[in-house]
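J.: attaching a predicted model along with its sequence, questions to come.
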Amino acid sequence: MKISTIVGGFLCILILFIAINNKGDLSSYLDPIALLVTLGGTITSLISTYSATSLIKAMKDFFYNSPEDRYSHADLVDTIVTISKDSRSVTVKEIMDYDEVQKFPFFKNALKLITDNLPAEEIPVLLEKESYSILNKHKNSAKIFSVASNIAPLFGMIGTVIGLIAMLGNMANPEVIPKAMSLALVTTLYGLITSVVIFRPMAGKLATKAEYTFMSRKIIIEGVVGIMNKKNSELIKAGLEKIYV
């Protein structure tokens, strides 16, 4: 999870706090029952929809950064180009022990396929299959958060209906009406906040991260093919830069 996620979430909460505090009593917006209906309802709906394994994996995917995510594409290209120059004078097995290669397990595994003497045409195919598999898994995880962002406002509306029913059913009791009306309005607010501030950004961040990782691995695959074919390092660099620029 990158710092932008934390900063963005904090600023969203800060803006809402300023708006609420400026227009009324903050305690009027704090309702445990409303939170239970919206956030609790959303979570239980996800549990009913997806397996526990899928939900746990989605959370892990969001918080975990693969080694490829920790470096810019430009840095990755420079690393591959430097290694491609050395590949003309050292063996692939020796290259696998480089510290630069150790940083990228996918890169190391790709080089290992070369040392395993697999047919040259099969190596990029195998690597691409693995990349697409990871991409699809991350997109499925992002979809879970996207679904959550759609469910949260619905539970907010459910809370609103509950509050309105309670209010209409107790018209003869003036003391109940304010509490029921508060529940009706606050649950809608909680549902929107939960969707916009929490789940939708999580879905977007994970989808973006999935695409970034996929692009990094595509660069690695093209670089490995260039190294395998003893391609000129400048040509490798030019080809790799076209992928992400």
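T.: The structure has been received and is ready for your questions.
J.: all helices of this protein, in order?
T.: With DSSP state H, the ranges of helices along the chain come out as 3-23, 32-35, 41-49, 52-63, 73-86, 92-95, 99-102, 105-115, 122-168, 176-193, 200-228, 233-244.
J.: contacts for the second one, please.
T.: Applying Cβ atoms under 8 Å, 6 or more residues apart in numbering, the set of residues contacting helix 32-35 from outside is Gly159, Leu183, Val186, Thr187, Leu189, Tyr190. (Glycine included, C-beta is placed from N, CA and C.)
J.: which residue is most remote from the mean position of this structure?
T.: Distance from the C-alpha centroid of the chain, by Cα atoms, centre = their mean, peaks at Ala172 (50.2 Å).
J.: ok, and the closest non-adjacent residue to the residue nearest to the spatial centre of the chain?
T.: When Cα atoms, centre = their mean is applied to the chain, the residue found nearest the centroid is Leu206 (1.4 Å). Ranked by Cβ to Cβ, 6 or more residues apart in numbering and with sequence neighbours excluded, the top spatial neighbour of Leu206 is Ala142, at 4.1 Å.
J.: what residues does that neighbour make contact with?
T.: So Ala142 contacts Ala58, Asp61, Ala203, Gly204, Leu206, Ala207, Ala210 (Cβ under 8 Å, 6+ apart).
J.: gap between it and Ser84?
T.: Relative to Ser84, Ala142 is positioned 34 Å away (criterion: Cβ to Cβ, to the nearest Å).
J.: swap in Asp97?
T.: Counting by Cβ to Cβ, the gap from Asp97 to Ser84 is 16 Å.
J.: of these two, who's got more company?
T.: Neighbour count, other Cβ atoms under 10 Å: between Asp97 and Ser84, Ser84 has more, with 23 against 10.
J.: which residues of this protein score low on pLDDT?
T.: 1-2, 23-25, 176, 245 (pLDDT under 70).
J.: domain boundaries for it, per the record?
T.: The record's domain parsing of the chain by automatic domain parsing lists 1-26, 31-245.
J.: most tightly packed of those?
T.: Ranked by mean neighbour count under mean count of other Cβ atoms under 10 Å, those are led by domain 31-245, which reaches a mean of 17.
J.: can I assume Met202 is in contact with Ile144?
T.: No. Judged on Cβ atoms under 8 Å, Met202 makes no contact with Ile144 at a distance of 9.2 Å.
J.: quick revisit: columns distance to Gly40 on top of the contacts of helix 32-35, output as JSON lines?
T.: Converted to JSON lines, those look like this (distance: Cβ to Cβ, whole Å):
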{"residue": "Gly159", "distance to Gly40": "11"}
{"residue": "Leu183", "distance to Gly40": "14"}
{"residue": "Val186", "distance to Gly40": "14"}
{"residue": "Thr187", "distance to Gly40": "11"}
{"residue": "Leu189", "distance to Gly40": "16"}
{"residue": "Tyr190", "distance to Gly40": "10"}
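J.: wait, which of the residues you listed is closest to Lys112?
T.: Top of the list for closeness to Lys112, among the contacts of helix 32-35 and by Cβ to Cβ, is Tyr190 at 50.6 Å.
J.: so how far is Asn22 from the closest one?
T.: 19 Å.
J.: could you do Val197 as well?
T.: Where Asn22 is concerned, Val197 sits at a distance of 18 Å (Cβ to Cβ).
J.: need the contact list for the closest residue to Leu55 other than its chain neighbours.
T.: Excluding its sequence neighbours, the residue lying closest to Leu55 (Cβ to Cβ, 6+ apart) is Leu46, at 6.2 Å. Residues in contact with Leu46 (Cβ under 8 Å, 6+ apart) are Leu55, Ile144, Val147, Ala148, Ile151.
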